[in-house]
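S.K.: no sequence for this one, just the structure:
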C-alpha cells in the first residue's frame, strides 16, 4: 500500500508566532502557509471544502509540530501518563468517559490499589467492583470493565494489541480503543472524544453539531495524527481541548493552533461548536421507603442487571402517578415490587438528583413493615440489614445521601 503523502512527518516548517484574530475574511495579502490555507478555504466555501484544502496542504505537518511543542511545555501531569501498563490506561480511559479528570484521579488510585491487575479484577465479585466505583456514576462502565477482565482471562490474561481485538471488549468504542493503544503501545490510532470534537469543530469552523459530522471529524483526527509520536499527539490534542479550547471562553491567544483556526479568524470561537437542539429534560417525583422491621433492621433491594444502576442496592420505591400522594405512591410501589404491606410514617429527607437525561426528586419516608414476606418481584435480591451494615453495600449516589440522613437520625436519638 502506498504511503499517504499527507501523513509525512517532515519537520521542514517551523512554528510561527500567533496572528491577531480577525472578524472578517482573511486578507488576500496573506502569504504564509496559514494565511494561504485560510484564504483558499474561505473562497472555496463550506466545511467540506475547508477539510479538502487542509487535506492537501503543508499545514498538517506544521499543526503536528506546533501541538507537540506546546504539549512538551504545557501537557498535564496525570497518574495514568506515568505508566505504559495497558490495563491501568484502560481503567483510566473508561473512568474518564463523561467524568472530569479531578474527579477520576482518587477513584483511579483506589481502583488500582484494590484491583492492580486484570487477573485481580476478574477474580473479584461484582459487588466489590461496584462498591469501589460507588459515586463515580454511569455504573455500566464498572460492570463492563469487570466483564471484559473476565473475558480477557479466558483468552490468556493479556490486553490485546490490535484495534479489532480491543473493540470486541465490552464498553470499548473506537475513541477509547484509540486512546489505549496510542498511550500504551504508541500505535497510530486516532481519537475523537468530546474535547477533540470541539477542537476540530473550531479548527474547521464546522457548520453542524459535531455529532452530525463524525465521519468528517474522524477523517480529520486521522489526518492530523503524528505517526512518529501518536502517544503524545493524542494526549496533546485532549489537553488542548481540556485546558485552552474549552466549551466557554476559550483561551485562543494562548492556543498553538490559533493561526490556523477558522473559528478564531472569523471571531466565531464562542459560537462554535454548533449546539444540538435540546429538548426539555423530564423531572420525575419518586417515593422512597426506608422500611423498618421489629428488629430495627432496614429493607434494601438490589436492582436488576439490565438498565440504569444495574447491580446496585437501593431503598425501594418508584415513580409518582397522576393524582397520587407520595404516601399512596410508596404503599403501591412496595406492594408491587416486594409483595408486602407497610405503614408510611414520618418524612426523612427530600433529595434532588440529576442524571444525564432526566432529573428526579426523591421523597424519602420512614415506613413500618406490617405484613408479608419480602419477595424480589421486580429486583434481583432483597435483604434486611442493620443500619451500621449499609456502608458495606454499593449504593447510587442519591441513596448514599439517604444513608447519611439515617446516620444523623440515629445520632439524635431517632
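M.R.: Okay, I see it. Since the structure is predicted, the reported quantities are computational estimates derived from the model, not experimental observations.
S.K.: quick one, domains of this structure?
M.R.: Listed by automatic domain parsing, the domain ranges of the chain are 73-265, 283-411.
S.K.: so which of those domains is the most surrounded?
M.R.: Highest mean neighbour count among those (mean count of other CB atoms under 10 Å): domain 73-265, with a mean of 18. C-beta coordinates here come from the backbone N, C-alpha and C atoms, glycine included.
S.K.: average pLDDT across that one?
M.R.: Computed over domain 73-265, the mean pLDDT rounds to 97.
S.K.: hang on, the earlier thing: as TSV, the domains of the chain with distance to residue 58 would be great.
M.R.: What follows is those, written out as TSV (distance: least, CB to CB, whole Å):
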stretch	distance to residue 58
domain 73-265	11
domain 283-411	42
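S.K.: quick check, pLDDT for residue 341.
M.R.: 98.
S.K.: which residues are in contact with it?
M.R.: 331, 335, 370-372 (CB atoms under 8 Å, 6 or more residues apart in numbering).
S.K.: give me phi/psi at it?
M.R.: Note on residue 341: its backbone torsions stand at phi -100, psi 140 [degrees, to the nearest 10].
S.K.: so what's residue 202 closest to, chain neighbours aside?
M.R.: residue 263 (3.8 Å; CB to CB, 6 or more residues apart in numbering).
S.K.: so who does the one you found touch?
M.R.: 201-203, 205, 269, 271-272.
S.K.: with residue 87 instead?
M.R.: Going by CB under 8 Å, 6+ apart, residue 87 touches 117-118, 159.
S.K.: tell me the one of those residues nearest residue 151?
M.R.: Of all the contacts of residue 87, residue 118 has the smallest distance to residue 151: 9.9 Å, by CB to CB.
S.K.: distance check, the closest one against residue 169.
M.R.: 11 Å (CB to CB, to the nearest Å).
S.K.: list residues touching both of those two?
M.R.: residue 152.
S.K.: run through the helices of the stretch 51-200 of the chain in chain order.
M.R.: Taking DSSP state H, counting those that start in this stretch as the test, the helices found in the stretch 51-200 of the chain are 59-74, 86-95, 101-114, 118-123, 126-133, 140-154, 163-166, 174-185, 194-203.
S.K.: for those, which one sits closest to residue 326?
M.R.: helix 126-133 (28.6 Å).
S.K.: any chance you could list what contacts that closest one?
M.R.: 107, 110-111, 114-115, 121, 139, 141-143, 145-146, 311-312, 392-394.
S.K.: rerun that using 6 Å as the cut-off
M.R.: Residues from elsewhere that reach helix 126-133, judged by CB atoms under 6 Å, 6 or more residues apart in numbering: 111, 114, 142, 146, 311-312, 394.
S.K.: with stretch 219-236 instead?
M.R.: By CB under 6 Å, 6+ apart, stretch 219-236 touches 6-7, 9, 63-64, 67-68, 71, 182-183, 186, 188, 190-192, 200.
S.K.: ok, 7 Å please
M.R.: Under the contact criterion CB atoms under 7 Å, 6 or more residues apart in numbering, stretch 219-236 has outside partners 6-7, 9, 51, 55, 60, 63-64, 67-68, 70-71, 75, 81, 178-179, 182-183, 186-192, 196, 200, 204.
S.K.: so how far is that stretch off the chain centroid?
M.R.: Chain-centre distance of stretch 219-236: 21 Å, with CA atoms, centre = their mean, to the nearest Å.
S.K.: what of stretch 134-143?
M.R.: Worked out by CA atoms, centre = their mean, stretch 134-143 lies 10 Å from the chain centre.
S.K.: swap in stretch 267-284?
M.R.: The answer for stretch 267-284 is 18 Å, by CA atoms, centre = their mean.
S.K.: how far does that stretch stretch from start to finish?
M.R.: With CA to CA, to the nearest Å as the measure, stretch 267-284 spans 41 Å from end to end.
S.K.: and what of stretch 277-290?
M.R.: Stretch 277-290: ends 40 Å apart by CA to CA.
S.K.: any idea of the mean pLDDT in that stretch?
M.R.: Here stretch 277-290 scores 92 as its mean pLDDT.
S.K.: residues contacting it, please?
M.R.: Outside stretch 277-290, the residues touching it (CB under 7 Å, 6+ apart) are 298, 315-320, 326, 329-330, 333-334, 342, 348, 357-367, 402, 406.
S.K.: can you tell me which of the residues you listed are in helices?
M.R.: The helices, defined by DSSP state H, take in 326, 329-330, 333-334, 402, 406 from those.
S.K.: quick check: the farthest pair among those residues?
M.R.: 329 and 406 (20.5 Å).
S.K.: now render the contacts of residue 263 as TSV, adding distance to residue 234.
M.R.: TSV is the format used below for the contacts of residue 263 (distance: CB to CB, whole Å):
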residue	distance to residue 234
201	17
202	18
203	16
205	23
269	23
271	27
272	22
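S.K.: which one of those is nearest to residue 304?
M.R.: Checking the contacts of residue 263 one by one against residue 304 (CB to CB), the nearest turns out to be residue 201, at 38.7 Å.
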